[in-house]
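> Have a look at this fold, sequence not included:
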């Protein structure tokens with residue numbers, strides 16, 4: 001069986017992205033590979049064995065396009081409301097909290113936030129399928 005070990009995104013400012021992922025998701029750098037033309041920084045926290053790989057192509061100044069295929073990365077937290085409030089207080093701009101229901105059954109409570117390069121992150125409350 002295959003095991004997912006990382007997902008990669010390209011960033012323009014590695015330091016800015018490292019700060020964002022530490023502040024917003026509690027992910028810190030676990031490993032870095034630095035080459036003359038590019039750098040790879042791998043991020044994780046104690047809850048994960050999967051990593052996000054940030055790829056910096058040195059010298060690039062044009063923002064990356066996300067095309068029509070990229071959606072988002074999903075993460076879970078204990079409380080969407082307190083996480084949303086903390087991120088707002090820290091100067092980030094998460095979208096409004098939403099609820100997804102089937103009739104009266106609450107299926108998900110969530111909000112989206114974008115990283116410095118415009119990648120969407122869905123922050124879901126631990127509930128039902130989302131654990």
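Sure thing, it's come through. Note that the structure is a prediction, hence the values are computed from the model and not measured.
> got the contact list for the longest strand that the chain contains?
The strand that spans the most residues within the chain, counting by DSSP state E, is strand 105-114. By Cβ atoms under 8 Å, 6 or more residues apart in numbering, the residues outside strand 105-114 that reach it are 24, 72, 80, 84, 87, 92-101, 120-125, 127-130. Every residue, glycine included, has its C-beta placed from N, CA and C.
> Show me how the record splits this protein into domains.
Per automatic domain parsing, the structural domains of the chain span 1-61, 71-131.
> Make CSV from those domains and add mean pLDDT and mean neighbour count to it.
What follows is the domains of the chain, written out as CSV (pLDDT from 0 to 100; neighbours: other Cβ atoms under 10 Å):
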stretch, mean pLDDT, mean neighbour count
domain 1-61, 94, 14
domain 71-131, 95, 14
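> Any idea what residue 39 is bridged to?
Note on residue 39: beta-bridge partners residue 34, residue 56, judged by DSSP bridges.
> got the contact list for it?
Residues in contact with residue 39 (Cβ under 8 Å, 6+ apart) are 14, 32-33, 55-56, 58.
> Same question for residue 37.
57-59.
> And residue 59, by the same measure?
Residue 59 makes contact with residue 37, according to Cβ under 8 Å, 6+ apart.
> Which of the helices or strands spans residue 16?
If you go by DSSP states H and E, residue 16 is part of helix 14-25.
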